[in-house]
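[1] Sequence first, then the predicted structure, then my questions.
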Amino acid sequence: MFDSSIGQTLFLSIDLKTPGEEAWSVVVKALEPLRALDYLSSIKDNVLIPGPVTVIGSGDTPLEAIRRLSTRDYFLDGPLLALDAQNITRAISLMASAPLSAAVGEIGPQGLNAAQRRIIRKQVEDAHKRGILARYWDIPGWPVSLRNGIWRDLLYAGVDLLNVDDLEAGAGVVGAVGW
């Protein structure tokens with residue numbers, strides 16, 4: 001990966017299933033080998049220092065454990081649907097995610113309708129204004145034509161990170177869109 005794009009970071013998303021700062025402190029400690037090699041992207045007094053690996057805490061990662069530190073080498077997978085309400089900045093979150101159905105409602109058999117595509121474009125635009133990458137998850141996987149159509153719609157809407165389980169199919173859609 002780094003041979004073909006030396007400036008590209010690898011997002012290491014850690015989906016915390018156990019709530020609380022105690023669980024997160026175990027994760028932070030486990031990052032020490034990467035930290036010792038100076039591999040981790042970090043933030044120091046609101047200045048982003050890119051690294052080959054960017055750690056993103058999701059799930060039950062406690063927001064306050066990240067918000068209160070102005071210098072750290074991990075970030076939050078921010079709540080895409082509540083960036084304003086929770087005052088999420090780029091210093092806290094380099095990416096923000098949401099389940100697609102929570103963002104746009106029920107998806108019909110024809111895929112996203114025009115109103116749903118507008119909602120996505122607005123959410124992506126709001127994230128981008130903050131310098132935050134946008135991602136949706138919980139994308140229908142079947143039928144494949146529906147899934148691929150939704151992936152295309154997300155890419156056309158400016159989504160930065162495509163959540164895929166089938167890497168080969170995802171790469172095909174990305175290539176077809178010219179992304």
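    In hand now; what should we look at?

[2] show me what contacts the closest residue to Asp126 other than its chain neighbours?
    Leaving out its chain neighbours, the residue that sits closest to Asp126 by C-beta to C-beta, 6 or more residues apart in numbering is Leu83, at 6.2 Å. C-beta here means a position set from N, CA and C on the backbone, and glycine is covered the same way. Residues in contact with Leu83 (C-beta atoms under 8 Å, 6 or more residues apart in numbering) are Ser93, Ala96, Asp126, Ala127, Arg130, Ile132.

[3] I'd like the residues you listed laid out as CSV, including distance to Thr71, neighbour count and secondary structure.
    Shown next, in CSV, are the contacts of Leu83 (distance: C-beta to C-beta, whole Å; neighbours: other C-beta atoms under 10 Å; DSSP: H, G, I helix; E, B strand; the rest coil):
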residue, distance to Thr71, neighbour count, secondary structure
Ser93, 16, 27, coil
Ala96, 22, 26, strand
Asp126, 27, 16, helix
Ala127, 24, 26, helix
Arg130, 20, 17, coil
Ile132, 19, 23, coil
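
[4] helices or strands next to the lowest-mean-pLDDT helix or strand in the chain in the packing?
    Scoring the helices and strands of the chain by mean pLDDT, DSSP states H and E places helix 167-177 at the bottom, with a mean of 88. Contacts defined by 3 or more C-beta pairs under 8 Å, 6 or more residues apart in numbering; DSSP states H and E place helix 167-177 against helix 144-156, strand 161-162.

[5] mind putting these in CSV, mean pLDDT included?
    Converted to CSV, the helices and strands packed on helix 167-177 look like this (pLDDT from 0 to 100):
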stretch, mean pLDDT
helix 144-156, 96
strand 161-162, 92
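
[6] Thank you kindly, that will do.
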